[in-house]
Structure formats: C-alpha cells, structure tokens
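Trainee: need a structure here:
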Amino acid sequence: MSKNDHVGYEFDSHHPPALTAAERAEIEALAALPDDDIDRSDIPPLTETFFAGAVRNPFYRPIKMQLTTRVDADVLAWLKAGGRGYQTKLNAILRQAMLREAAKD
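Mentor: Next comes the predicted model:
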C-alpha cells in the first residue's frame with residue numbers, strides 16, 4: 001500500500017449492520033448484570049476540580065426554530081438599539097432565563 005492509499009468505512013447510523021448471535025448474547029449478558037457487579041475501577045472519580053475546568057461542548061449548536069411572536073414596541077426598540085444581532089440578544093436573554101429556571105429544580 002502506498003501512502004496515498006487508504007481504507008475507509010462509512011457507518012450509516014440509520015441502517016447499522018445486524019448484530020451477530022455472539023454480539024447479541026454479550027449485550028444481553030451485560031444488560032443482565034446488576035449495577036454493583038460492574039467494574040468501574042478504571043474510571044477516575046469526578047471531583048469538583050474536574051467540573052471546575054469543564055466547558056460546554058464547543059461543537060454544540062442548538063437547532064434554531066423560526067417563529068413569529070409579538071413583543072412590546074419599546075422592548076423591540078431596546079433590542080434593536082444595540083445594532084445588528086437583536087435576535088441573538090433576545091435568544092441569549094431567553095436562554096439565561098431558561099437556565100435560571102432549570103437551576104431552581
């Protein structure tokens with residue numbers, strides 16, 4: 001094989017290959033294990049230090065949905081006063097409110 005030759009495989013998550021009988025048996029055996037019998041000794045504990053350095057997935061991009069809504073004229077004027085990006089600003093305000101609400105639960 002030369003350095004320009006490569007082997008590729010494309011996985012179709014909507015049509016995965018069928019499991020073999022051995023693979024199916026292994027999955028069933030693992031699923032039947034009680035949680036206490038699962039060896040987690042190779043997983044480091046998740047400490048406060050770990051979470052202090054955690055960041056949101058940089059590749060995450062929420063799906064945007066188009067909608068029509070009514071807002072008070074003065075609210076819209078305030079949003080637009082900052083120039084371009086008033087919809088992004090509105091989305092950020094709503095996201096902050098959503099996260100505050102979720103943190104209460």
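
Trainee: all contacts plus neighbour counts: C-alpha atoms, from now on.
Mentor: Fine.

Trainee: what residue ranges in the chain score low on pLDDT?
Mentor: For the chain, the stretches with pLDDT under 70 are 1-4.

Trainee: run the last query once more with 80
Mentor: 1-7, 9, 105 (pLDDT under 80).

Trainee: what's near enough to touch residue 47?
Mentor: Under the criterion of C-alpha atoms under 8 Å, 6 or more residues apart in numbering, residue 47 has no neighbours.

Trainee: tell me the phi and psi of it?
Mentor: In terms of degrees, to the nearest 10, the main-chain angles of residue 47 are phi -100, psi 170.

Trainee: Residue 20 versus that one, what's the distance?
Mentor: Counting by C-alpha to C-alpha, to the nearest Å, the gap from residue 47 to residue 20 is 39 Å.

Trainee: same question, residue 88
Mentor: Using C-alpha to C-alpha, residue 88 is found at 49 Å from residue 20.

Trainee: Please, where are all the helices along the chain?
Mentor: Counting by DSSP state H, the chain has helices at residues 21-32, 48-52, 73-81, 86-104.

Trainee: And those: which comes nearest residue 61?
Mentor: Smallest distance to residue 61 across the helices of the chain (C-alpha to C-alpha): 13.1 Å, for helix 86-104.

Trainee: Next, the angle from the closest one to helix 73-81.
Mentor: Angle, helix 86-104 to helix 73-81, by axes from the mean of the first three to the mean of the last three C-alpha atoms, to 10 degrees: 110 degrees.

Trainee: list the helices and strands helix 86-104 packs on?
Mentor: Counting by 3 or more C-alpha pairs under 8 Å, 6 or more residues apart in numbering; DSSP states H and E, the packing neighbours recorded for helix 86-104 are helix 73-81.
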